[in-house]
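> show me how the following folds:
(one chain, ligands or ions: 1)
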Amino acid sequence: MSDSKPRIHVIGTGGTIAGIGPNRLDYTQYAELGKKLSIEQSLERIPEANDIANIECEDLISVGSPAIGPTEWLNLGRRINTLLNTADIDGVVVTHGTATLEETAYFLHLTVKSRKPVVITGAMRPPTAFGTDADLNLMDAIRVAATPDAINNGVLTVLNNEIHSARDVYKANTLRVETFRANEMGFLGYPDSDGEVLFYRAPTRKHTFSTDFDVEDLTELPRVDIVYAYAGSDSLLVEAVRKNRSDGMVLTGFGSGTLPPTMLETGAEAAQEGIPVVLASRSTAGRTVITPRITKLGFLVADNLHPQKARILLMLGLTITKDHDILQQMFMTY
Ligand code: ASP
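Modelled structure (predicted):
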């Protein structure tokens with residue numbers, strides 16, 4: 001009987017889902033104390049998962065996700081690509097802190113070279129606390145990775161009984177368990193209370209196996225910095241990025257991408273000097289769009305990607321080209 005079950009590989013990276021608190025009422029200190037379950041210990045808490053999949057696991061790292069960035073993305077991506085190229089592995093689940101989960105998910109969404117399911121999960125309440133979501137989220141992530149319906153859908157996040165596309169999902173609330181949202185894009189489906197895993201829609205933008213990005217041999221990514229606009233913000237931080245000669249910059253503007261005058265001027269100067277500058281929005285939904293003025297100033301627009309995701313796409317785009325039009329086309333493609 002076990003032979004017909006899918007083989008799912010679970011990679012632990014740390015985060016709240018592995019956090020060990022001092023008592024059952026602790027929802028904050030566990031992260032500072034830094035004690036963590038291994039992925040094997042997390043899986044021992046959900047023996048039910050063995051009924052649906054043949055599970056194997058490894059701890060890649062064991063950190064809070066504020067400590068995860070491009071180096072860890074590259075290592076994780078390489079490991080996932082190796083695993084999924086192994087013929088009899090059917091899917092990968094990654095456990096991850098929620099702080100930067102959406103960024104790791106989007107990086108993998110653009111760089112994993114496989115149609116097989118890759119599901120990222122985390123938790124808002126550590127396994128030692130009352131009402132923890134750690135066990136259910138890990139169980140749900142395995143259930144999603146084990147279903148053939150998850151194939152071809154890119155990298156998925158699964159928390160709070162919801163399946164999201166890595167492209168659209170973001171952490172919307174600091175402490176609530178229902179924190180992962182996709183605003184008007186909505187979620188894709190759910191691992192539901194009756195044990196069914198249901199998909200109602202699929203991502204339409206290119207991802208995973210259909211992207212042009214190949215980072216397999218890279219040890220670092222181009223540097224892209226984000227500068228945030230606020231009423232009265234001036235050229236100080238844009239100038240710092242420009243002087244640093246960063247490879248690219250994302251400007252997080254107001255609403256549809258407008259900026260305070262001196263920030264706009266300095267950003268345009270940077271763009272004219274050859275630093276690709278992408279305009280994103282501090283609004284959490286909606287697009288920044290191309291206008292004659294934006295074109296004249298030399299800016300790119302992020303479409304509806306949040307600034308932290310526009311940064312990742314620009315970093316990856318810059319591994320291929322610095323050409324303005326090709327980079328802009330990527331923001332309409334991915
Ligand atoms: N501090 C945690 C992290 O690793 C937060 C979490 O997992 O919810 O991101």
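
> just the helices in the chain please.
Taking DSSP state H, the helices of the chain run over residues 29-33, 39-44, 70-84, 101-111, 134-145, 236-243, 261-272, 292-297, 307-317, 324-333.

> mean neighbour count, these: which tops it?
Neighbour counts (mean count of other Cβ atoms under 10 Å) averaged over each of the helices of the chain peak at helix 101-111, with a mean of 27. Any C-beta I mention is one placed from the backbone N, CA and C, and that applies to glycine too.

> tell me the residues of the protein that contact the ligand?
For the chain, the residues in contact with the ligand (Cβ under 6 Å from any ligand atom) are Gly15, Thr16, Ala31, Gly64, Ser65, Gly97, Thr98, Ala99, Gly122, Met124.

> including mean pLDDT, could the helices of the chain go into a markdown table?
Shown next, in a markdown table, are these (pLDDT from 0 to 100):
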| stretch | mean pLDDT |
| --- | --- |
| helix 29-33 | 95 |
| helix 39-44 | 98 |
| helix 70-84 | 98 |
| helix 101-111 | 98 |
| helix 134-145 | 98 |
| helix 236-243 | 97 |
| helix 261-272 | 97 |
| helix 292-297 | 95 |
| helix 307-317 | 98 |
| helix 324-333 | 98 |
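
> now the strands: where do they sit in this structure?
7-14, 54-63, 91-95, 118-121, 155-159, 162-165, 170-171, 180-181, 189-191, 197-199, 224-228, 248-253, 277-281, 300-301 (DSSP state E).

> could you list every residue that touches the residue in the stretch 101-250 of the chain positioned nearest to the ligand?
Nearest to the ligand, among the residues of the stretch 101-250 of the chain, is Gly122, at 5.0 Å (Cβ to the nearest ligand atom). Contacts for Gly122 (Cβ atoms under 8 Å, 6 or more residues apart in numbering) come out as Gly15, Thr16, Ile17, Ser65, Thr95, His96, Gly97, Thr98, Leu101, Asn137, Leu159.

> go again with 10 Å.
Counting by Cβ atoms under 10 Å, 6 or more residues apart in numbering, Gly122 makes contact with 13-18, 65, 94-101, 104, 133-134, 137-138, 141, 157-159, 171, 179-180.

> I figured Gly21 hits Leu37, correct?
No: using Cβ atoms under 10 Å, Gly21 is not in contact with Leu37, being 11.3 Å away.

> mind listing the shared neighbours of the two?
Pro126, Pro127, Thr128.

> if I look at the nearest residue to Ile39 once chain neighbours are set aside, how far off is the ligand?
Leaving aside its chain neighbours, Ile39 sits nearest to Gly12 (3.0 Å; criterion: Cβ to Cβ, 6 or more residues apart in numbering). Counting by Cβ to the nearest ligand atom, to the nearest Å, the gap from Gly12 to the ligand is 12 Å.

> just give me the neighbour total for Gly12.
26 (other Cβ atoms under 10 Å).

> show me what it is bridged to.
When bridges are called by DSSP bridges, Gly12 pairs up with Asp59, Thr95.

> look at Pro3 and report its pLDDT.
Check again: residue 3 is Asp, not Pro. With respect to pLDDT, Asp3 scores 68.

> and if you look at the one 10 residues further on?
Looking at Thr13, its pLDDT reads 98.

> check contacts around it.
Shown in contact with Thr13 (Cβ under 10 Å, 6+ apart): 39, 59-65, 67-68, 72, 75-76, 94-97, 101, 104, 120, 122.
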